[in-house]
Every structure is written in structure tokens, then in C-alpha cells.
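Engineer: Coordinates for the following, if possible.
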Amino acid sequence: MHAVLVTVDARYEGILRVFLRCLHRHYPAHPLVVVCTIGWTPQMCAAFDREFSFLHWLDASALRFPKGPPMRHDASMDRPIMYARWAAFTSAFDAYDTILYLDVDTLVLAPLDDLLAADGPLAFEEAYPHVDTLIFRDPEDPDLGELLRADGLGDWHWQVANAGVIALPRRCRRIEHLAEADRLARRYAPHLMWGDQSLLNLWLACNGLRAVHDFRFNYQVRLILERRERHVYRYAKILHFNGQHQAMPFLMVLAYAIIRLPWGRRLVPMALRLATRPGLDGIPGYRLRRWLRGQLLRLLE
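Structural biologist: The predicted structure follows:
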């Protein structure tokens with residue numbers, strides 16, 4: 001038996017609803033979805049259970065998993081749920097063969113059986129072009145260099161993985177793997193740049209694993225906005241609205257609404273690029289677009 005794992009705090013309650021609707025629409029034979037939460041009330045969970053019959057709830061605060069610093073060591077970005085994907089390594093998931101972790105800001109566009117059949121851990125390449133800034137705060141820090149050499153990583157070529165889509169077969173989720181992640185989180189805490197994603201990349205490196213170059217399974221929205229890997233979009237199975245752009249939740253809802261239309265998937269790239277153009281206030285029809293944005297965001301309710 002397999003499972004999909006998604007982690008979410010109360011901040012992204014609305015986004016979770018869009019994620020689940022899209023998952024079930026495009027992958028109707030998906031496994032059970034385990035929702036690992038922080039800050040949710042029983043009433044919030046019950047509202048989802050009335051619409052979705054395939055959910056299993058876990059309270060992350062009751063589980064022990066590695067925790068590290070917030071992203072960029074910025075207190076305003078301190079969200080404990082960020083590290084809850086490591087709960088997949090705990091005994092709470094012993095009943096499942098492969099855990100497919102998906103960020104809540106993803107839209108599943110096709111069945112993902114290929115990922116569930118993975119022989120080993122899978123994580124996919126990060127699309128951000130400046131990879132030197134994605135794992136460590138200061139890659140040239142001599143103290144960091146000493147730690148990496150001691151762990152046999154002094155000459156490791158860092159091909160950065162994005163942490164939004166991860167396949168974890170049972171054999172890579174043993175207690176020693178969890179203990180190693182905990183050790184790395186404590187040992188490298190002062191140096192980690194992007195929190196859980198930095199920790200994932202360290203863990204992969206210590207196990208001799210590299211990110212997979214296949215954007216079909218983690219097609220990050222920046223590829224659309226920056227017009228990169230355009231030939232891959234038509235084959236993408238997961239669209240990932242990652243990044244620090246404040247409009248990302250709206251862009252996700254917009255894409256979901258368009259994808260539901262006949263031939264709508266073809267329209268998504270153009271719609272997202274238009275929605276993120278600067279200076280929309282001065283363009284005729286802006287008030288209409290603002291009204292449309294409000295209507296789309298009602299999908300979160």
C-alpha cells in the first residue's frame with residue numbers, strides 16, 4: 001500500500017482544497033492521502049472529510065522528526081510545518097510501501113504511478129538558475145568546508161534538488177536514515193540557507209544521490225514565467241507553484257480554473273505570464289481582472 005503525503009498549516013487551508021481537487025480529478029486512482037498538519041482544529045479537518053473520502057490526518061506536533069532553522073534564518077519565515085516531510089521516515093508511516101511527498105502548492109496533472117514504482121529515493125532538479133545560493137548561506141565559509149570534508153563531501157558536485165516532489169520507497173526510510181537527517185540538521189544548522197530543502201540536499205549527498213533532471217515531475221512555474229524548458233510543459237505531470245512571489249497562491253488557483261476548461265492547459269502559460277506583468281493598474285480592464293481574481297480566490301473557500 002502506498003500513500004501521498006502533504007504537509008500544511010492553517011495558513012494554506014484553502015490551497016489544500018485546490019490541491020486535493022486537482023489530484024483527484026487527474027489521478028482518480030491515487031493512493032490514500034496523508035495530511036500532516038500543524039495548528040488545525042477538528043472542525044477544519046471535518047470540513048475536508050465531507051468533500052474528500054480519501055484522507056488520513058496526522059498531527060505533526062505528535063511526531064518526532066528533524067527540525068532546523070527557518071529559511072534564510074529569517075524569523076518571519078519560521079514555519080515548523082516546513083520540516084514535517086521528514087515525518088515520512090517515522091513509524092507513523094510504517095504501513096506504507098512508497099511515500100510520495102507533494103508540496104501543497106502543486107497541481108497534479110496526470111497519474112503518478114511511475115513515482116510510486118521507484119526503486120530508490122527520487123527528487124527532481126531545482127529550476128532556480130543561481131544554484132550556489134540554494135543550499136548554504138555562505139558556500140565559502142571555512143567552517144562549512146571543514147564540516148563537508150569531514151563528511152566526505154568536500155568535492156561533491158551540488159546538483160540541487162527541489163524538495164517539492166519526493167518519492168521515498170520503504171527501504172530508504174529506516175530509522176538510521178531518520179537519525180542521519182537529524183544529525184545533519186543539528187550539525188549544519190548555522191549554514192543552511194533554505195531550511196528543509198537544504199537539509200534534503202545534504203541528506204541526498206551523504207547517500208550518494210543526485211537530483212533527477214526531469215521537469216515533467218516537478219515543472220516549477222518559474223520555467224513558464226522565464227520561458228525555459230517550454231518543450232517539456234506539454235508533458236508535465238506536476239505543476240509546482242514554488243518561490244517567494246506573493247502572487248503564487250492566486251496563480252495556482254488561476255491555473256486550476258483554466259485547466260478545467262476544454263484545451264485549457266494550453267492557455268495556462270500565457271495566462272500566468274499576463275497575470276504577473278508589472279503595471280497592471282494602468283492597463284484598460286484592470287478592474288475587470290481584479291474582480292476576476294476575487295472570483296477565482298473564492299475557490300479556496
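Engineer: what stretches of the chain score poorly on pLDDT?
Structural biologist: 244-245, 279-301 (pLDDT under 70).
Engineer: okay, now the domains of it?
Structural biologist: 3-216, 252-301 (automatic domain parsing).
Engineer: so where do the strands sit in this protein?
Structural biologist: For the chain, the strands defined by DSSP state E cover 3-9, 32-38, 55-59, 98-102, 106-108, 122-125, 161-169, 219-220, 238-240.
Engineer: Any chance of a markdown table for those, columns distance to Ile175?
Structural biologist: (C-beta placed from N, C-alpha, C; glycine too.) Shown next, in a markdown table, are those (distance: least, CB to CB, whole Å):
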| stretch | distance to Ile175 |
| --- | --- |
| strand 3-9 | 18 |
| strand 32-38 | 19 |
| strand 55-59 | 18 |
| strand 98-102 | 15 |
| strand 106-108 | 29 |
| strand 122-125 | 21 |
| strand 161-169 | 14 |
| strand 219-220 | 32 |
| strand 238-240 | 29 |
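Engineer: Let me have these in JSON lines, extended by mean neighbour count and distance to His191.
Structural biologist: Shown next, in JSON lines, are these (neighbours: other CB atoms under 10 Å; distance: least, CB to CB, whole Å):
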{"stretch": "strand 3-9", "mean neighbour count": "23", "distance to His191": "24"}
{"stretch": "strand 32-38", "mean neighbour count": "21", "distance to His191": "25"}
{"stretch": "strand 55-59", "mean neighbour count": "15", "distance to His191": "30"}
{"stretch": "strand 98-102", "mean neighbour count": "24", "distance to His191": "24"}
{"stretch": "strand 106-108", "mean neighbour count": "24", "distance to His191": "28"}
{"stretch": "strand 122-125", "mean neighbour count": "23", "distance to His191": "20"}
{"stretch": "strand 161-169", "mean neighbour count": "24", "distance to His191": "17"}
{"stretch": "strand 219-220", "mean neighbour count": "26", "distance to His191": "24"}
{"stretch": "strand 238-240", "mean neighbour count": "26", "distance to His191": "26"}
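Engineer: So for His231, which of those strands sits nearest?
Structural biologist: Nearest to His231 among the strands of the chain is strand 219-220; the distance by CB to CB comes to 11.5 Å.
Engineer: show me the residues around Val268 that make contact.
Structural biologist: The contact partners of Val268, taken as CB atoms under 8 Å, 6 or more residues apart in numbering, are Ile224, Leu239, Ala255, Ile258, Ile259.
Engineer: if we can go back for a sec, among the strands of the chain, which comes closest to Glu140?
Structural biologist: strand 161-169 (21.7 Å).
Engineer: circling back to that earlier point, show me the contacts of Val268 that map onto helices.
Structural biologist: Ile224, Ala255, Ile258, Ile259 (DSSP state H).
Engineer: For the last one, grab the count of nearby residues.
Structural biologist: Okay, so that is Ile259. 19 (other CB atoms under 10 Å).
Engineer: Please list all residues in contact with the closest residue to it other than its chain neighbours.
Structural biologist: The shortest distance from Ile259 to any non-neighbouring residue, by CB to CB, 6 or more residues apart in numbering, is to Arg265 (5.4 Å). By CB under 8 Å, 6+ apart, Arg265 lies in contact with Leu109, Arg234, Ile258, Ile259.
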